[in-house]
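[1] Next one to model:
(one chain, ligands or ions: 1)
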Amino acid sequence: MAFSLPDLPYAHDALAPAGMSKETLEYHHDIHHKAYVDNLNKLIEGTEWADKSLEDIVTGTFQKGAVAQNGIFNNASQHWNHSQFWEMMSPNSGEMPEALKKAIVDNFGSVEKFKEEFAAAGAGQFGSGWVWLVQNPDGSLAITKTENGVNPLCFGQKALLGCDVWEHSYYIDFRNKRPGYLSNFLDKLVNWDNVASRM
Ligand code: FE
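    Numbering: from 1, shown residues only. Next up is the predicted model:
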């Protein structure tokens with residue numbers, strides 16, 4: 001069954017007061033994310049992957065240790081990543097639920113320290129990729145960064161929070177200032193209830 005582009009969980013202009021413009025979401029969701037979905041559907045047609053779940057395609061086509069990944073993986077992982085990313089943001093960022101706050105303090109020392117480490121990892125990802133807050137199989141939390149479309153599913157980790165650091169994610173609103181985009185994301189855009197629900 002073909003994959004389809006999910007609607008944004010809010011209006012295209014809903015995140016503008018929090019620093020992500022309507023224009024960014026029109027390009028990022030309607031054009032970039034749609035292209036991943038369309039390419040994925042074309043690439044899997046008539047293959048063993050045509051009837052598999054998105055998660056199975058991502059983990060089944062990931063090539064551990066490869067310098068470059070294959071087309072099916074790239075488009076499947078980016079479809080998964082972006083589908084999570086839209087849900088991880090909200091026009092009403094809200095307070096961090098207590099259970100999540102406690103887990104973050106236990107693992108990183110403080111919320112501030114967590115934000116600093118997350119932003120530094122995202123700023124330090126050379127080229128395109130993602131920065132993540134993940135939960136390991138043993139329950140511990142960690143911050144990771146991945147290149148291009150690679151994501152926590154590839155390593156058996158749960159993605160609690162992910163931030164897209166491809167230039168298409170921030171260039172309209174922040175130009176070349178990736179650190180500014182990351183700190184704005186953490187302070188104003190994250191849907192902390194959604195992050196907590198993933199633990
Ligand atoms: Fe993106």
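[2] Compute the distance from the centre of the longest helix along the chain to the centre of its chain.
    Of all the segments of type helix in the chain, defined by DSSP state H, the longest one is helix 71-87. Relative to its chain's centre, helix 71-87 lies at 8 Å (CA atoms, centre = their mean, to the nearest Å).
[3] average model confidence for the helix or strand following it?
    Going down the chain from helix 71-87, the next helix or strand is helix 98-108, by DSSP states H and E. Helix 98-108 comes out with an average pLDDT of 98.
[4] and what of stretch 15-22?
    The model assigns stretch 15-22 a mean pLDDT of 98.
[5] and the end-to-end length of it?
    End-to-end distance for stretch 15-22, by CA to CA, to the nearest Å: 7 Å.
[6] who's in contact with it?
    Identification of contacts with stretch 15-22 by CB atoms under 8 Å, 6 or more residues apart in numbering yields 12-13, 25, 89, 91, 93, 172-173, 181, 184-185, 188-189. Just so you know, the C-beta spots here come from the backbone N, C-alpha and C atoms, and that holds for glycine as well.
[7] 7 Å - rerun?
    Stretch 15-22 is contacted from outside by 12, 13, 25, 89, 91, 93, 172, 173, 184, 188, 189, using CB atoms under 7 Å, 6 or more residues apart in numbering.
[8] Lowest-confidence entry in those?
    Lowest-confidence member of these: residue 93, scoring 94 (pLDDT).
[9] roughly how far apart are that one and the ion?
    Separation of residue 93 from the ion (CB to the ion, to the nearest Å) stands at 20 Å.
[10] for residue 148, same thing?
    For residue 148, the distance to the ion (CB to the ion) stands at 10 Å.
[11] What of residue 157?
    Taking CB to the ion, one finds residue 157 at 20 Å from the ion.
[12] Give me the spatial nearest neighbour of that residue, chain neighbours excluded.
    Nearest residue to residue 157, sequence neighbours excluded (CB to CB, 6 or more residues apart in numbering): residue 134, at 4.0 Å.
[13] my guess is that neighbour is in a strand, correct?
    Yes. Assigned with DSSP: H, G, I helix; E, B strand; the rest coil, residue 134 falls within a strand.
[14] Just list the residues touching it, thanks.
    Residue 134 sits in contact with 142, 144, 152, 157, 158, 159, 160, where contact means CB under 7 Å, 6+ apart.
[15] repeat for residue 12
    Residue 12 touches 22, 25, 26, counting by CB under 7 Å, 6+ apart.
[16] Just the buried residues from those, in PyMOL please.
    Here is the PyMOL command that selects the buried residues among the contacts of residue 12 (16 or more other CB atoms under 10 Å):
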select buried, resi 25
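[17] which parts of the protein sit against the ion?
    Within the chain, the positions near the ion by CB under 5 Å from the ion are 164, 166, 169.
[18] just the buried members of the contacts of residue 134?
    Buried among the contacts of residue 134 (16+ other CB under 10 Å): 144, 152, 157, 158, 159, 160.
[19] What sits closest to the first one if chain neighbours are left out?
    What sits nearest to residue 144 in space, not counting adjacent residues and going by CB to CB, 6+ apart, is residue 132, at 4.9 Å.
[20] Many thanks, have a good one.
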